[in-house]
Structures are given as C-alpha cells and as structure tokens.
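Trainee: need a structure here:
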Amino acid sequence: MFQFANCRPAPSRYALALAILLVALSLGVASAKAQTMPLPEYIGSASCTECHRDQAEDWKDSHHALAWTLPGPDTVLGDFDDARFDHNRLLSRFRRENDQYMIDTDGPDGVTQSYPVAGVAGIAPLQQYLLETEPGRLQSSDLVWDTEKRRWYHLYPDQDLAAGDGLHWTGPYKTWNARCAECHATGYDKSYDAATDSYDSTQAEIGVGCEACHGPGQAHRDWALANGDYDPERWAGLSGTGLTMDFKAGAEAQIQQCAACHARREAFLDGNPVPGTPFQDAYRLSPLRAGLYHADGQIQDEVYVYGSFLQSKMYSKGVACTDCHNPHSGERVASGNAVCTQCHSSAGNTRFPTLPLAEFDDTAHHFHPPDSPGAQCKNCHMVERTYMGIDQRADHSFRVPRPDLSLETGAPNACTDCHDDRTAAWAAETVANWYPDSRHRGPHFSQVFAPARNNPAAQAEGLLEIAEHDGLPAIVRASALDLLIPVATPAIALRSTPLLADPDPLVRASAVPLQRPVPTEAAANLLPLLRDPMRNVRIAAAREFLGLRIAHMPDDATKALGRAMTEWQQSLYNKADFPETQLVMGGIGLTTRNMPAALSAFGEAVEMDPQLVPAWTMIARIHSALGNRQAALDTLDRAIAVNPDDISLPLLRADLQP
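Mentor: Just a heads-up that it's a prediction; the model follows:
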C-alpha cells in the first residue's frame, strides 16, 4: 500500500506544492526536469525577413504580429488626450506624461493610482492595455479602446467589480503573465515564483512571430545558409529543414499547432510548448460543458475555435486551417462565399473526393435573395457570437442549422439568430418545407446531452452509446464520458473500460475517471495509461492512482507511476498562481488526509479570490472536523463579510453554531 508523505505547513505561501512534490518523491522519482537534447535558439522574426520577404510582408501588420506590442505612437490607438471614463462612480483618466501613456484608475486597494502603460494587446476591433502593478506583474485593464467606434468602454459594464474581488482587473484572473501572454508572445516562459508570489517572465519576442509557429530558428538558419554550422545530429526531432514544426506533416499536425492558442484548454507547461508538440501532450482540452457550449456543441462562451472545429465534417475530411486562412496575414484566402465555393461547388475539389458536386451559392440552396445576409454561407453555417463586448467570433463547427433541435434542447439556431422576431417552430417548419427529405434531421447527440446536463444518471445508456460510437467526433464522445463522471457506477466503469484503449487520446483521458467505482480493477486497467504517449492521458491516470490503495506493484509500474505523478505535480506547480489550481491542491490534501496542507491550499485560494465560496466552505468544514469549531466560525464570518449575498455561508454557520 502506498504511504503518501505527511507534509507539515511550510513557510512558503504554497505548502501544497511541496506536498505534491513529496508524493512524487515517495515513489522514488526525482522532480528535476528530464535531461533532453538542447533545442535550437530563438533568433527573432527579423532574421527570417531576408529570405521570406513575401511572408514577412503579409505578417507584419497581422493580428499575430500585433498581438502584443510596446506602447508608442505607432501602436497605441486609444485616446490619451486627457480622456475620461466613468464606470460605477469610478472616474478613470487616460493621459500623456511626456512620452509616457498613463491610466489613472483604481488599484488593488481601491485607491486611484497612476499607471504607465507597459504593453499593448491587439489591434482590432478592440485594443487592451497592460499595466504593471508590481515589478514583473502585468495586469490587463478592463477599460479598453473600441478601434472602430473610437471610444473607451468597459469589458464588464453590468458588473461592479470592486478592488479585492478576484475578477477585478488587478485580480488573478486578469494577470497577463498567467492568463494571456503565452498566446501573445514567442518563446514565452512564465517563471512564476510561488514562494514570493512574483513573476520573472521572459520571451524571445513579444507578439506572435515566425518562431511561435515554426519553432526556434537557429538550426533552420544554419541549414539555409549552408555555412557548415548546421549539424542535424546536434538537435533531436527537427524537420528536414531544421525546424521543430514540420508543416508538411499534414493537416492534423498543422491544426494541432494552431490549436495551442486557438483552444479553450488547460496548459501543463510553464509557457509555450516547443512548436510541433502534439496538443494532447501539452494541454487538456475542455469538453462540451454547459456554460462553454450549448447542448448541441454550438459556441456559448469564448472557446477559441478548436473545440468547435473538431466537431465538423471538414475536420474529419482533412481540411486544414490554411485551406481557408492565409497563415501569415490571418486573412481568409478569398472574399465572401468564394472561400467556401473553392470546394463546395459543382466543380468540387479533387483533394476532397467525397464532396457532393452541386451549386450551393444559389437561391435553390439558401432560399434567400442573392447578396442578402441570408445568402452568405457563414451566416447559416458559422453563427457569430460577441465576446469582449464587441468582438464577433464565428463558430467553426460548420453545422447545418437545426431549428428543430432548438425546440427540444433549447440550443439557438442560425435562422432565429437573424429572424429574431420569429420562433424556432416557424424556422423548423420553414426548413422542413425547403428540404423535405433532408438527411440532416436525424438523431443528434444533443438530444441526450441536453437532459443529461440536469440528470446524467437517467441518460447513462444514451451517453455510453455516444461514447462508444466511433463515427462521432472524439470531442463529443469524450464529453459524453465527462457527463457520466458524477454518476459513475461499477457497471458504467466496466462498460467504458474498452475506451481506455481508444485511438483518440481525448477519449482515453476522459474514460479514466469512470474507473473510480471499481478500485480493485482500476489499477490494472490504468497501468498501461501511465506510459501513454500523451501527457494528458498519463496525468489523468496519475490523478486516479492518488486515491487507490494498492498492496504491491512491480518496480517498472511503480517507476511509471512516479514519472506520471511528477508530471502532474509539475503541471500543478506551473499553475500555482491560479485559484482554481489551489482548489485542486486542496482536494489532494483531503485525499491524502494531509489537513494542514489542505488548509494551506484552500486558504491560498481565498486569498487570491475571496469570492471562492467552495474554498471558504472547505476551510470551515476542515476546522470543524478537527474539533476547532471557533476557527470554523471565524472563517465563515470572514467569508460572509466578503460574500454578503451568498446564502449558503450563513446556513453553514448556523449548522456549526453550538
């Protein structure tokens, strides 16, 4: 049986990071990073220009190139001519002080302070400004510039986010170093120091440069110059041209490279993975959960394209990002419907032989006047949703409108998006009249997902059938498994066991937690996954072993578990500045019966985000379980003071009151 180390409270603010480290050490595995062959060095986008002039010309004014810039007359678009903005009785000013752009606004203590603009994020349709609140710590201001209407506006106009709120612009969810920089920079390392709660972040280049997608360029430059310095044996895993990312490897490799930033996901590493790293080896993709996606998989919250595209037939047929987008400018390869009719036409496209050959840009297909909004392919098949107040993002699942499903699942549909004065029933009847024999009105996974979100146990059979259906997108199958986790039973565990060997790592990882109801069989079932090629799967398996009681394991299995545990530990430490990570670490403390460590992690969570009521609740319950009722009551008094509108806290206090 494993005996996990019992960690005493540490002097650092993050005792649980040490506790997880001891878990790995108890298995005889050092936490030092594995020794690997050196990578080529980053040399900067300017080094690429001489040979790649056309690509550099496309890139220089792109959203990628301008994803993060330094403030200056050529980059700052906002009005800093003593402009003022009033939000919930807080007056902020935007002004110039010599050559410095300044924002006067409320700081972390609620007192108005003057902050120099330290960085500029984005170019259109909005521009955000980065302020340094502590040395090395950049925060993204919620007061942003609308580049089209030329006005200041607040990202959250309906919220009164006072200083001290976790969602205030100075809070942990708005820290640029932690939440944003890795996708706005090249060769980024977050370098967070948990002991001092500080950042020493570095990057090879601000903005998304050439090497952000192609990989560090030193070896490629030496290869291209043929100057005798190129030695392919010096580095491991390079393409034939000396790059870590080989875009000739096919559509899947390209899509995964773009997905590194264009996805709603949890990162395992400290910054940018080396370009060319498989997605599932660096990230955990969010499933189709309520609040992020509608029951039918349509976008709801900002999910950054990848999870949508995985649902599409285009993805399953091998369509790549560059079939529609110029990778250097980011612009579409054609205007309007022409980007679609390069394949969807009577001529078709020889690369995709299963395409039906027909005229789609025609009233006989879309039933709308030519050149009207209803005649635009994207308006029916790529509905847009607005994020950050004014930024419209298109759903990349390329779905056929299903107003009939709206009636059953409550999901929106493209028809009543435009015809907002009509009902889903009207739209469903209209579409049925247009396409009386459509094959697109058959059964849909949302007919199971919608009720399962409220009662997954009642839909267990349907969810299992979806998970087992290898003709469905992997993200849909994985999401079905995710819905089953809270209601898993031994029967569900047994039924889902074959999915631990599924070809798709997203499905394999999602099947792992369903083994919890069968702890005796779980160890044997999960052992192979500790050696899985993908870190996402290995970490998922390691998490489950934390709660298992095992009398004996072979040495090689123990070593594999230790390596996977260490990967998990390191991934948590890399995100120790996330309140949600502290919740996970607190849960680990509870699982390992390390109550001081659990209290430390939950305490850190509420220090970062005082509105995390579940963390306050766990602190109170732990104190109560340890016999310190007064500490529990004091905890709840502090929690109620910062969460006066929460009804669960006073109820818990009444239960604990002697």
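Trainee: outside of stretch 230-240 itself, list whatever touches it.
Mentor: Applying C-beta atoms under 8 Å, 6 or more residues apart in numbering, the contact partners of stretch 230-240 are 36-40, 219, 222-223, 242, 244-246, 248, 276. All C-beta spots, glycine's among them, are computed from the backbone N, C-alpha and C.
Trainee: ok, Pro579 touching Gly166?
Mentor: Yes: if you go by C-beta atoms under 8 Å, Pro579 and Gly166 touch, sitting 6.5 Å apart.
Trainee: shared neighbours, these two?
Mentor: 172-173, 608-609, 612.
Trainee: what's the closest of these to Ala83?
Mentor: Taking C-beta to C-beta as the measure, Ala83 lies nearest Tyr173 of those, at 26.1 Å.
Trainee: the closest one contacts Leu161, doesn't it?
Mentor: No: at 10.2 Å, Tyr173 does not count as touching Leu161 under the criterion of C-beta under 8 Å.
Trainee: that older thread, show me the contacts of stretch 230-240 that map onto strands.
Mentor: In strands, judged by DSSP state E, none of these are found.
Trainee: most neighbours of all those, which one?
Mentor: Of these, Ala219 is surrounded by the most neighbours, 25 neighbours in total, counting by other C-beta atoms under 10 Å.
Trainee: quick check: that residue touching Leu225?
Mentor: No: if you go by C-beta under 8 Å, Ala219 and Leu225 don't touch, sitting 11.0 Å apart.
Trainee: what's the first-to-last distance across stretch 107-116?
Mentor: Counting by C-alpha to C-alpha, to the nearest Å, you get 13 Å between the two ends of stretch 107-116.
Trainee: buried sites along it?
Mentor: Buried residues in stretch 107-116, counted by 16 or more other C-beta atoms under 10 Å: 107, 115.
Trainee: I'd like the average pLDDT over it.
Mentor: Mean pLDDT, computed over stretch 107-116, is 96.
Trainee: got the domain ranges for the chain?
Mentor: With domains defined by automatic domain parsing, the chain comprises 68-183, 286-443, 447-545, 576-656.
Trainee: which one of those domains lies closest to Asp229?
Mentor: Checking the domains of the chain against Asp229 by C-beta to C-beta gives domain 286-443 as the closest, at 27.0 Å.
Trainee: how long is the closest one from one end to the other?
Mentor: By C-alpha to C-alpha, one end of domain 286-443 lies 24 Å from the other end.
Trainee: mind listing what Trp616 touches?
Mentor: 602, 606, 635-636, 638-639, 643, 649.
Trainee: pretty sure Val65 is touching Trp59, no?
Mentor: Slight slip there: residue 65 is Ala, not Val. Yes: contact criterion C-beta under 8 Å: Ala65 and Trp59 qualify, at 5.3 Å.
Trainee: where do the contact lists of these two overlap?
Mentor: Ser45.
Trainee: which strand or helix spans Phe85?
Mentor: Per DSSP states H and E: Phe85 is located in strand 83-87.
Trainee: which other helices and strands contact that strand?
Mentor: On a contact count with 3 or more C-beta pairs under 8 Å, 6 or more residues apart in numbering; DSSP states H and E, strand 83-87 meets strand 90-97, strand 151-154.
Trainee: run me through the strand neighbours of the shortest one, direction for each.
Mentor: By that I understand strand 151-154. strand 143-146 (antiparallel) (DSSP bridges).
Trainee: ok, back up a step: shared neighbours of Tyr173 and Leu161, which are they?
Mentor: Shared contacts of Tyr173 and Leu161, defined by C-beta under 8 Å, 6+ apart, are found at Leu167.
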